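Q: Let me see the structure of the following:
(6 chains)
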Amino acid sequence: MSILHTVNSSPFQTLALQQCLAILGEQDSLLLIEDGVVACQAKHADFLALSELAKQGQLMVLEADLQARGISARIGKSCSYLQFVELVAGHKSQMAW
Amino acid sequence: MSILHTVNSSPFQTLALQQCLAILGEQDSLLLIEDGVVACQAKHADFLALSELAKQGQLMVLEADLQARGISARIGKSCSYLQFVELVAGHKSQMAW
Amino acid sequence: MIEKKIGIINRCLPHGSAQGRESLDLTLAMSAFNESLSLFFIGDGVYQLLDGHDPTECLQKHFQPLFKMLELYDVENIYVCQQSLLQRAITEDQLMIEVTSVDTQTLKTNLALQDQLLSF
Amino acid sequence: MIEKKIGIINRCLPHGSAQGRESLDLTLAMSAFNESLSLFFIGDGVYQLLDGHDPTECLQKHFQPLFKMLELYDVENIYVCQQSLLQRAITEDQLMIEVTSVDTQTLKTNLALQDQLLSF
Amino acid sequence: MNKRLKFAVVVSGAPYGAQGASSAYQFCCATLQAGHNIVGVFFYQEGVLNASQLVSPASDEINLPDFWAKLALQYQFPLEVCVSASLRRGIVNELEAKQLALSQFNLKAPFVLSGLGQLAELSAKADRLVQFL
Amino acid sequence: MNKRLKFAVVVSGAPYGAQGASSAYQFCCATLQAGHNIVGVFFYQEGVLNASQLVSPASDEINLPDFWAKLALQYQFPLEVCVSASLRRGIVNELEAKQLALSQFNLKAPFVLSGLGQLAELSAKADRLVQFL
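A: Residues are numbered from 1 along each chain as shown, chains lettered A, B, ... in the order given. You can find the predicted model right below:
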């Protein structure tokens, strides 16, 4: 049991993603929502670290928010609201960034 | 005549300061307000660039916002609300970040 | 009196906030009163113009089609930051309207020309 | 039923937003119902505790004295990120209450212990 | 199917201007669709603005306070609104309006003004607590 | 003393929760103190929430809508509130309330609901335009 981190802002606007990655535990997962979804499309300072997380299967992206912005994810698993719910169910707690 | 840029967020929270510095013109000035004032106290990624601007006399910090947070500026000219008004009067336009 | 040059700056992604939508509302409304508007899309603001938004599932208003109105309203000075496009691997032909893509120096020059600026 | 461990995370500067003030309100109110609260101050959140706020001139509420109530309300698990203090050249004796300063690893461990988290 | 869990949801964002409250609403719908329970939604900070009966968007836009009200009535969970966060943001029910000598009020039913103790209660009841900024 | 200038101020932030509207108010006070004129303050986006008559902070906190109202009455400048941004955020005057069949309203005097054309007018009149986020 571990933490599901949700990041809702762009890595080009805030340092939330960077700070989240700095304290993300080994068992934790990261779900990108709202403006946060661009982090898996564009090349930003933490794209490499994010790709590593994706390789471990610990990175998810909310599909509806990608669609809203007309972009597609280059890394991470795309996820529906229903899967978002099951992610919360599958973790001990959630931390909103 | 030039632009007075105002930045109201912390460089530890947003990239507004960094993006502002990237398009700040040679004749422009920068005024830090609200949470933005910490940029002249703590060591962040753009502290050196900000120090350069301070040396040119182009960096101001709103005194009331420093006081509110119990911090003092290591760089930049401290400025009152009245001086803020005269800064606006002395520039062609203002750009809020 | 010479009409004031107004620059409207767009720095945010669409839908996470209402910035883009309310910036466009303001632009269209003000264009009836002022013919010297210039739009600037910098940083994440370029996503406003990236064709193909579909915000139905996240319950946001689909305002992107309204960008087409800019031409009808004679808003023609639309500047997009070249570097911001590059950084996001977005090409000009993926944008839903015609724009002038500018480098940082030209961006600075054009911003300095404006009498008033509004940020979104 | 065992009482749930609740972690309250403070990441913002005081006064630019109401985050700090409303986080403290919530903490003090919830402490009457739950004795397993832990507070975390990370990043700019450490400025909440930096002694000497004076927000009168910028019209914000001077809530900092209320941090003294935490002790009276038996909220004792107060963790501050060591690295965040260091980065801002703030020392523990400049903080207005007694805290436990922790490194990143300990921070992770303590966060993982919480059943529920609230972010401010 | 997975185990049925009890969810509590904290909404910290306004109904318009930021996306958080819409995300929270969609999350609640999905939670119920998945067969889980919602023990309650707590509105705090800017979230309290979701409880206004005066929110009047254009006809091609959603009315989030309406959406919350309908969902809560259909699935019978409470919409708790922090009273102190509300008053300073101009969300007032009829009773508070009288006590404050205000001629108008704007709290929408079935939202109710309540204290932070209610959040503590929701937290104690819930298997999972989720927050939307 | 410097030349007297005409200022227009745009407020994009809520009266509570973020500092921008307070900063704008202090800026306006300083502008008047310096002998400049304010041609008007325009409230847009979250700024429209400054126009609520229901904002009721605790007694040890400032009531920003009150502060705006007093300053505007004393110095005779208009407080213009964007009507479309207002309606979707739940700021409604008596007339709009009637037309929308709402039983309550919350716009505070002397704030007035107006269109974005009013912003264009303020912009044309002003020597300087200043925005607070």
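
Q: Now the terminal residues of stretch E:53-66, how far apart.
A: End-to-end distance for stretch E:53-66: 8 Å, by CA to CA, to the nearest Å.

Q: Need the residues that contact it.
A: C:59, C:61, E:15-16, E:21-22, E:25, E:49-52, E:106-109, E:111, F:84, F:87-92, F:96-97, F:100, F:102, F:104-106 (CB atoms under 8 Å, 6 or more residues apart in numbering or on different chains). In this view, the C-beta of every residue, glycine as well, is placed from N, C-alpha and C.

Q: List the buried residues of it.
A: Across stretch E:53-66, burial judged by 16 or more other CB atoms under 10 Å in any protein chain shown covers E:53, E:54, E:55, E:56, E:57, E:61, E:63, E:64, E:65.

Q: Quick check: residues of chain E near chain D?
A: Proximity of chain E to chain D (CB under 8 Å from any CB of the partner chain) is limited to residues E:10, E:44-45, E:84-85, E:115-117, E:119-121, E:123-124, E:126, E:129, E:131, E:133.

Q: sorry, back to before: okay, and which of the contacts of stretch E:53-66 map to helices?
A: E:21, E:22, E:25, F:84, F:87, F:88, F:89, F:96, F:97 (DSSP state H).

Q: To what extent is the first one buried, counted in neighbours?
A: The criterion is other CB atoms under 10 Å in any protein chain shown. On that basis, residue E:21 has 27 neighbouring residues.

Q: can you pull the contacts of it?
A: Residue E:21 makes contacts with E:11, E:13, E:14, E:15, E:47, E:50, E:64, E:132, as judged by CB under 8 Å, 6+ apart.

Q: That one and residue E:64: what is the separation?
A: Here residue E:21 is placed at a distance of 6 Å from residue E:64 (CB to CB, to the nearest Å).

Q: all helices of chain C, in order?
A: Per DSSP H, chain C carries helices over the ranges C:19-30, C:69-72, C:82-87, C:104-113.

Q: Would you mark the buried spots in the shortest one?
A: For helix C:69-72, burial by neighbour count (16+ other CB under 10 Å) applies to residue C:70.

Q: now the helices for chain A?
A: For chain A, helices defined by DSSP H occupy the ranges A:16-23, A:47-55, A:63-69, A:81-90.

Q: low pLDDT regions in chain C?
A: By pLDDT under 70, the low-scoring segments of chain C are C:1.

Q: go on, chain E?
A: E:1-2.

Q: If we use 90, what do you get?
A: Regions of chain E meeting the criterion pLDDT under 90 cover residues E:1-3.

Q: What about contact with chain B: does stretch A:30-45 have any residue there?
A: No. Judged by CB under 8 Å from any CB, stretch A:30-45 and chain B are separated, with a smallest distance of 9.5 Å.

Q: Please name the residues that touch residue C:2.
A: By CB under 8 Å, 6+ apart, residue C:2 has no neighbours at all.

Q: where does chain A have low pLDDT?
A: Judged by pLDDT under 90, the stretches of chain A that qualify are A:1.

Q: tally of neighbours for residue 19?
A: You didn't pick a chain, so chain A it is. 20.

Q: You answered for a different chain; I wanted chain C.
A: For residue C:19, the neighbour count with other CB under 10 Å is 24.

Q: so it makes contact with residue C:8?
A: No. Contact criterion CB atoms under 8 Å: residue C:19 and residue C:8 do not qualify, at 11.1 Å.

Q: what do these two both touch?
A: Common contacts of residue C:19 and residue C:8 (CB under 8 Å, 6+ apart): residue C:120.

Q: which parts of chain E sit against chain A?
A: Residues of chain E lying near chain A by CB under 8 Å from any CB: E:2-3, E:5, E:7, E:12, E:19-20, E:23, E:26-27, E:29-31, E:33-34, E:36, E:128-133.

Q: mind listing what residue 85 touches?
A: You didn't say which chain, so I picked chain A. E:27, E:30, E:31, E:34, E:36.

Q: Can you look at chain C instead?
A: Counting by CB under 8 Å, 6+ apart, residue C:85 touches C:46, C:91, C:92, C:101.

Q: Quick check: of those, which lies closest to chain B?
A: Among those, residue C:46 lies closest to chain B (CB to the nearest CB), at 12.9 Å.

Q: OK, contacts around the residue lying closest to that closest one once chain neighbours are set aside?
A: Computed as CB to CB, 6 or more residues apart in numbering or on different chains, the closest residue to residue C:46 that is not its neighbour in sequence is residue C:84, at 4.9 Å. Neighbouring residues of residue C:84 by CB under 8 Å, 6+ apart: C:41, C:42, C:43, C:44, C:45, C:46.

Q: so what's the residue in chain E positioned nearest to chain C closest to, chain neighbours aside?
A: Ranked by CB to the nearest CB, the top residue of chain E for proximity to chain C is residue E:22, at 4.3 Å. In space, and not counting its chain neighbours, residue E:22 is closest to residue C:59: 4.3 Å by CB to CB, 6+ apart.

Q: tell me which parts of chain A are close to chain B?
A: So chain A meets chain B at A:12, A:13, A:14, A:15 (CB under 8 Å from any CB).

Q: Can you sort out which of these also neighbour chain C?
A: Among the residues of chain A next to chain B, the ones lying near chain C by CB under 8 Å from any CB are A:12, A:13.

Q: what's the closest of the residues of chain A next to chain B to chain C?
A: For those, the nearest to chain C is residue A:12 (5.0 Å; CB to the nearest CB).

Q: Backbone dihedrals for that closest one, both of them.
A: The phi and psi values for residue A:12, taken as degrees, to the nearest 10, are phi -90, psi -10.

Q: What residues does it make contact with?
A: Per CB under 8 Å, 6+ apart, neighbours of residue A:12: A:38, A:42, A:44, B:15, C:43, C:44, C:87.

Q: pretty sure the first one is touching residue C:47, no?
A: Right, residue A:38. Yes. Counting by CB under 8 Å, residue A:38 touches residue C:47, with 7.0 Å between them.
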